[in-house]
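Novice: just need the structure, nothing else, for what follows:
(chains A and B)
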Amino acid sequence: MRTTRRRLGLVARNVGVPILSLVLVLVLWQLIVVGFHVASYVAPRPRAAIDSVTQNWSLLWPLVLGTIRETVYGFVVGATLGFFLGVIMAKVSFLQGLVYPVLVLSQAIPIIALAAPLVLILGFSTAPKVVIVAWIVFFPVTVNVLDGLSHVDRDLVNLAKVYGASRWRTFWQIEIPATSTPLFSGLKIGATYAVTGAIIGELAASDGSSLALYQEHANSNLNTAAVYGTTMVMTAIGISWFLLVVGVEVFATPWRRRTVARRWPWRRGRDLVDQ
Amino acid sequence: MTDALLALREVAKSFGDTVALSPTTLDIAEGSFVAIVGPSGCGKSTLFNVIAGLLAPDAGAVLLAERDVTGTTGHVGYMLQKDLLVPWRTVEDNITMAKRLTGRVTNEDRAEARRMARAYGLGEFLRHYPSALSGGMRQRVAFMRTLMTHQRLLLLDEPFGALDAQTRLEMQQWLLQVWRDAERTVLFITHDVDESIFLADRVIVMSPRPGRVVADFTNPLVRPRTLEMLTEPDFIALKGQIMHLLHGGAA
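Specialist: This is a model prediction of the structure:
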């Protein structure tokens, strides 16, 4: 009973407070636009921006789906690539010296400049956007995994060795879990950038139907409400993706906030063996 | 041939110009509790790492039950001052860690881990993560993990060095109880002369520059050990001899 109440309090704090701050932003927006008599073609009222989304939802929805697809594919490709790059660089110091400068170089290239050759190679399909998202996402993942693996407690690795553990077991049972904190830091940074990458990709490498071009179109028609509305949609996609990654982290690393392990129904059998 | 569980034959190790361990020969009888005392740099940790197989000696051989294990791992239980519990596993899963690293954790292993934890006062914490435990409790879990390696020889490197005096005394008594039940051979490194005499059958004194064994005392105290023994004449006399070796004429 007490834990239930405490948990409710936690949910209220973790969900309620962010919603409150979102409402505050909307209220502030409304006050500024109304208070300073801002013309609707310069900045719309929140209500107008939201209406522009809901009223055109059937038109927007396929575009939103496209952006989500690019974001998710690109994130998965980038995170997977980034993870394995980090592991390989941590394990083969020769490759670390060789590859690290190239990685830094890759991030110094302006993404926009990357788009043109990508279109030439991959056309106007989903592929160039996925590449751009992956290009942005892999870097923080690689850097964090590399850093995490280089800082695993040597004594712990030695203990596993003394016990007679193989390198493979030591890697999966000790080194990878010990790297979970920096790994998720990298994934969260990647998640926040992923949608931005997808939008840049759509701007630079689209042939007509994409969320970014929809916004461009609205902008050139002085449909400011739609511009703001689309921005809100893009932001919502970004936040949702970030929250999903945070959710996976919370689920995958229970020891960081719990003192007692969860009880899984499918593992009850093994909990009863000696009773 | 020898009836010793562990036999070191002229084992030596240097790091560059520093002789960490000059040629050392040592027999450790099965079932005994042997303490090694000495100041920093006397080669006791080098000795441990050679026995455990983390370091290959420059010369000599390490024999365990008459088998040459020089430079190989997987034949001892090993525990340090740092408990090295993994934060992402529960107490129960930390206790069974050795099996998870080398084979498969069976239901029998889990049952044994639970029996042990219950017998030694941690039964309520089986499903807790280590972060919820005190320093003394964590060291108990670390020792149970060491026992669950099912190795006959356990190397304990200052396992209670980071605990406060009160907890350390409790842990020493606890360790003696567990050791009596578990029937293992223990090699125990410590800085603490009182601890070495209270726990061990035999106290080996080491000295630095170069790291070497300078004395090997048989402890006259009988078992079971009690706290009253800490002030007995036999205890004081042995302590005096060891202190004299460790601190020279200044003591």
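Novice: and the pLDDT at residue 13?
Specialist: Went with chain A since none was named. Looking at A:Arg13, its pLDDT is 82.
Novice: oops, chain B please
Specialist: 95.
Novice: can you tell me how far it is from B:Pro57?
Specialist: Using CB to CB, to the nearest Å, B:Lys13 is found at 5 Å from B:Pro57. For the C-beta atoms, the positions are set from N, CA and C on the backbone; glycine is no exception.
Novice: overlap of the contact sets of the two?
Specialist: B:Leu21, B:Val50 (CB atoms under 8 Å, 6 or more residues apart in numbering or on different chains).
Novice: list the contacts for the single nearest residue of the stretch 101-250 of chain A relative to chain B?
Specialist: Closest contact between the stretch 101-250 of chain A and chain B, by CB to the nearest CB, is at A:Gly164 (2.4 Å). If you count contacts by CB under 8 Å, 6+ apart, A:Gly164 has them with B:Thr73, B:Gly74, B:His75, B:Leu101, B:Thr102.
Novice: and the gap between the second one and B:Leu26?
Specialist: In other words, B:Gly74. 21 Å.
Novice: any stretches of chain B with poor pLDDT?
Specialist: Where chain B drops to pLDDT under 70, the residues are B:1-2, B:249-251.
Novice: up against chain A, what does it have?
Specialist: B:52-54, B:73-76, B:78, B:80, B:82, B:84, B:86-90, B:97-98, B:100-102, B:107, B:110-111, B:114-115, B:127-129, B:131-132, B:149 (CB under 8 Å from any CB of the partner chain).
Novice: quick check: closest non-adjacent residue to the residue of the stretch 101-250 of chain A closest to chain B.
Specialist: B:Gly74 (2.4 Å; CB to CB, 6 or more residues apart in numbering or on different chains).
Novice: please apply the same query to B:Gly135.
Specialist: For B:Gly135, the closest residue by CB to CB, 6+ apart turns out to be B:Leu163, at 5.6 Å.
Novice: the one you found: what secondary structure?
Specialist: Here B:Leu163 is recorded as coil under DSSP: H, G, I helix; E, B strand; the rest coil.
Novice: hmm, B:Leu169 and it touching each other?
Specialist: No: look at B:Leu163 against B:Leu169 with CB atoms under 8 Å: they stay out of range, at 9.2 Å.
Novice: my reading is that B:Thr73 is in a helix; is that accurate?
Specialist: No: according to three-state DSSP, B:Thr73 belongs to no helix; its state is coil.
Novice: where does the residue positioned nearest the centre of chain A sit, in terms of helix or strand?
Specialist: Chain A has A:Ala191 as the residue nearest its centroid, 1.2 Å off, counting by CA atoms, centre = their mean. Assigned by DSSP states H and E, A:Ala191 belongs to helix A:180-204.
Novice: is that helix positioned near chain B?
Specialist: Yes: interface with chain B: helix A:180-204 contributes A:Ser180 (CB under 8 Å from any CB).
Novice: and that helix, what other elements does it pack with?
Specialist: Packed against helix A:180-204, as judged by 3 or more CB pairs under 8 Å, 6 or more residues apart in numbering or on different chains; DSSP states H and E, are the following elements: helix A:57-91, helix A:111-122, helix A:127-150, helix A:211-220, helix A:224-252.
Novice: buried set for it?
Specialist: Within helix A:180-204, the residues scored as buried using 16 or more other CB atoms under 10 Å in any protein chain shown are A:180, A:182-204.
Novice: residues from the stretch 151-275 of chain A in reach of chain B?
Specialist: Counting by CB under 8 Å from any CB, the stretch 151-275 of chain A sits next to chain B at A:153, A:155-156, A:158-165, A:169-170, A:173-174, A:177-178, A:180, A:253, A:255, A:258-261, A:263, A:270, A:273-274.
Novice: just the buried residues of those.
Specialist: A:156, A:158-165, A:169-170, A:173-174, A:177-178, A:180, A:253, A:255, A:261.
Novice: which of the three states applies to B:Leu8?
Specialist: strand.
Novice: tell me how many other residues surround the spatially closest residue to it that is not a sequence neighbour.
Specialist: Leaving aside its chain neighbours, B:Leu8 sits nearest to B:Leu26 (4.3 Å; criterion: CB to CB, 6+ apart). Residues near B:Leu26, counting by other CB atoms under 10 Å in any protein chain shown, number 19.
Novice: pretty sure B:Leu26 is touching B:Ser32, no?
Specialist: No: contact criterion CB under 8 Å: B:Leu26 and B:Ser32 do not qualify, at 11.8 Å.
Novice: check the gap between the nearest residue to A:Thr230 once chain neighbours are set aside and A:Val131 for me.
Specialist: Leaving aside its chain neighbours, A:Thr230 sits nearest to A:Gln215 (4.1 Å; criterion: CB to CB, 6+ apart). Remark: distance between A:Gln215 and A:Val131 (CB to CB) = 22 Å.
Novice: kindly report the same for A:Trp61.
Specialist: On the measure of CB to CB, A:Trp61 and A:Val131 end up 25 Å apart.
Novice: do B:Ala35 as well
Specialist: For B:Ala35, the distance to A:Val131 - CB to CB - is 63 Å.
Novice: okay, these two: which has more neighbours?
Specialist: Using other CB under 10 Å, the more surrounded residue of B:Ala35 and A:Val131 is B:Ala35, with 26 against 23.
Novice: what's whichever residue of the stretch 1-150 of chain B sits closest to chain A in contact with, if anything?
Specialist: The stretch 1-150 of chain B approaches chain A most closely through B:Gly74 (2.4 Å), counting by CB to the nearest CB. Counting by CB under 8 Å, 6+ apart, B:Gly74 makes contact with A:Val162, A:Tyr163, A:Gly164, B:Gly53, B:Thr102.
Novice: B:Tyr120 now?
Specialist: B:Arg140, B:Met144, B:Trp174, B:Val178.
Novice: can you pull the phi/psi pair for it?
Specialist: phi -110, psi 30 (degrees, to the nearest 10).
Novice: for B:Gly77, same thing?
Specialist: phi -90, psi 150.
Novice: and what of B:Thr70?
Specialist: phi -50, psi 120.
Novice: and B:Asp68, by the same measure?
Specialist: phi -80, psi 110.
Novice: not counting its neighbours along the chain, what's nearest it?
Specialist: B:Ala61 (5.7 Å).
Novice: for that neighbour, list each beta-bridge partner.
Specialist: B:Arg9 (DSSP bridges).
Novice: from A:Ala49, how far out is A:Leu213?
Specialist: For A:Leu213, the distance to A:Ala49 - CB to CB - is 19 Å.
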